[in-house]
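Enquirer: next comes the sequence, and after it the predicted model I'd like to discuss.
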Amino acid sequence: MPVESDWRDARLRSVTDIADDIRLFDIEPAGWFEPPPPGSHISVAVRIGERPDTRSYSVVGPCRDSVYRIAVKRMPQSRGGSAYLWSLAPGARLSITPPRNLFPLAHGRPQYLLVAGGIGITPIYSMALALAEKGAEFRLLYGCRSRGDLAFADELRERIGDRLEIAVEEDGQRPDLPGAVAALAPDGELYVCGPIGLLDAVRRLWRDSGRPAANLRFETFGNTGRFAAEPFTVRIPRLGMAVQVPQNQTMLDALEAAGVAMISDCRRGECGLCTVDVLEVDGALDHRDVFFSDRQKDEGKRMCTCVSRAVQGGITIDTADRGV
């Protein structure tokens, strides 16, 4: 999580609707600018009701005009971050962090395969432009549910031509992931960003192909799962507590709000610091992280509280907090 010294002043210069539920925000830093490498993100201070919070968004494009651009999808089951940003008008004052890159693009590889699902196109778009400028050999597979969900498609067609392949689910199209991986050079790299179902499918395909694990790079936006979000109860016998988790709040946030001491960092289901032991499940676990393996998720003994949820019941857990 960003510390106090990370935050810098900025101004919302303009907003543009680029798809049915996706809005592009041009953010102008106040007297400073740090160039964002492909795959980097900035954190933005938001307010959820009366509570301050933080959201991270991939930076779109090279931003050579010293303006950061982020694309924000208005989620129907938003935890509040996208709704807050969509409520802002040009001229609004913001607090943001300089770019940080947890999804770096390596240069000099023999071939690249870029895969994006839905709003996951945001970091992949920047990578595609960077690779095109360097004359690298690459393909981009971009899947979405409907034509109205497409963002940056026209710009990508103009910049990278037939290296772009779009698959729209409502048109009965699906990206040929097995064929694309099979065609990738042995030392090529795959970069993927999208919903957890896509990430899991790519990880399984990559593993089964016998390719080096280090040549698969991925990022998740940590807010999609196999089930719709719903309220659930978390019981902690050691602390004598039962915590209600609303539909629009993460389990981690609910536990912290109830006074449970938690450890966390990424809040994206990637680092594993916020994991807890699962003692009992009344319904089912909806693992939305990329930290645990498929086997560990099937076992259901631990879960990442920052993104994963319970459905159709509640869960009983143990935490590192001993109530001392």
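Expert: Nice, thanks for sending it over. Everything numeric here is computed off the predicted structure, so don't read it as measured data.

Enquirer: pLDDT score for Tyr68?
Expert: Here, the pLDDT recorded for Tyr68 equals 98.

Enquirer: ok, the residue nearest to it when sequence neighbours are not counted to Ser95 distance?
Expert: With sequence-adjacent residues excluded and distances taken as CB to CB, 6 or more residues apart in numbering, Tyr68 is closest to Ile27, at 4.5 Å. No exception for glycine: its C-beta is placed from N, CA and C like everyone else's. Distance, Ile27 to Ser95, by CB to CB, to the nearest Å: 11 Å.

Enquirer: any common contacting residues for those two?
Expert: Ala10, Val44 (CB atoms under 8 Å, 6 or more residues apart in numbering).

Enquirer: neighbour-wise, which of these two wins?
Expert: Set Ile27 next to Ser95 and count neighbours by other CB atoms under 10 Å: Ile27 wins out with 21 against 16.

Enquirer: in what helix or strand does the more buried one lie?
Expert: Taking DSSP states H and E as the criterion, Ile27 maps to strand 22-29.

Enquirer: so what does that strand touch, helix or strand wise?
Expert: strand 8-19, strand 68-73, helix 81-86, strand 93-96 (3 or more CB pairs under 8 Å, 6 or more residues apart in numbering; DSSP states H and E).

Enquirer: may I have the strands that pair with whichever helix or strand comes after the last one, each with its orientation?
Expert: Put plainly, it is strand 93-96. Following strand 93-96 in sequence order, the next helix or strand is strand 112-117 (DSSP H and E). With DSSP bridges as the test, strand 112-117 is paired with strand 138-144 (parallel), strand 189-194 (parallel).

Enquirer: what are the buried residues along the next helix-or-strand element following the shortest one?
Expert: Just to be clear, that refers to strand 189-194. In the C-terminal direction, the helix or strand that comes right after strand 189-194 (DSSP H and E) is helix 196-209. Buried residues in helix 196-209, counted by 16 or more other CB atoms under 10 Å: Ile196, Leu198, Leu199, Ala201, Val202, Arg203, Leu205, Trp206.

Enquirer: now helix 196-209, how far from the centre of its chain.
Expert: What separates the centre of helix 196-209 from the centre of its chain is 16 Å, taken as CA atoms, centre = their mean, to the nearest Å.

Enquirer: now tell me what touches it from outside.
Expert: 115, 117, 120, 143, 177-178, 181-182, 190, 192, 213, 216, 218, 220, 224-226, 269, 287-290, 294.

Enquirer: quick check: bridge partners of Arg100?
Expert: His41.

Enquirer: surely it is in contact with Pro36?
Expert: No - Arg100 is beyond contact range of Pro36, at 9.2 Å (criterion: CB atoms under 8 Å).

Enquirer: the two: who's more crowded?
Expert: Between Arg100 and Pro36, Pro36 has the larger neighbour count (other CB under 10 Å), namely 22 against 17.

Enquirer: which strand residues bridge Thr275?
Expert: When assigned by DSSP bridges, Thr275 has beta-bridge partners Cys304.

Enquirer: cool, and the one 10 residues further on?
Expert: Leu285 forms beta bridges with Ala310, as assigned by DSSP bridges.

Enquirer: show me the domain layout of this protein.
Expert: Following automatic domain parsing, the chain resolves into domains at 4-96, 112-220, 232-318.

Enquirer: can I get those domains in a markdown table including distance to Ala106?
Expert: Formatted as a markdown table, these follow (distance: least, CB to CB, whole Å):
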| stretch | distance to Ala106 |
| --- | --- |
| domain 4-96 | 10 |
| domain 112-220 | 6 |
| domain 232-318 | 18 |
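
Enquirer: now the end-to-end length of stretch 253-269.
Expert: One end of stretch 253-269 sits 14 Å from the other (CA to CA, to the nearest Å).

Enquirer: next, the buried residues of that stretch.
Expert: Those would be Asp253, Ala254, Leu255, Glu256, Val260, Met262, Ser264, Cys266, Arg267, Arg268, Gly269, for stretch 253-269 by 16+ other CB under 10 Å.

Enquirer: where in the stretch 51-200 of the chain is pLDDT low?
Expert: Confidence mapping of the stretch 51-200 of the chain against pLDDT under 70 gives the ranges 76-79.

Enquirer: look up how far Pro195 lies from Val307.
Expert: 12 Å.

Enquirer: and the two? which has more neighbours close in?
Expert: Val307 (28 against 21).

Enquirer: pretty sure the more buried one contacts Gly269?
Expert: Yes - in terms of CB under 8 Å, Val307 counts as a neighbour of Gly269; the distance is 3.8 Å.

Enquirer: quick revisit: just to be sure, which of the buried residues of stretch 253-269 are found in strands?
Expert: Among the buried residues of stretch 253-269, no member is found in strands (DSSP state E).

Enquirer: farthest-apart pair in these, please.
Expert: Val260 and Arg268 (20.1 Å; CB to CB).

Enquirer: which positions in stretch 50-66 come out as buried?
Expert: Asp53, Thr54, Arg55, Ser56, Tyr57, Ser58, Val59, Val60, Gly61, Cys63.
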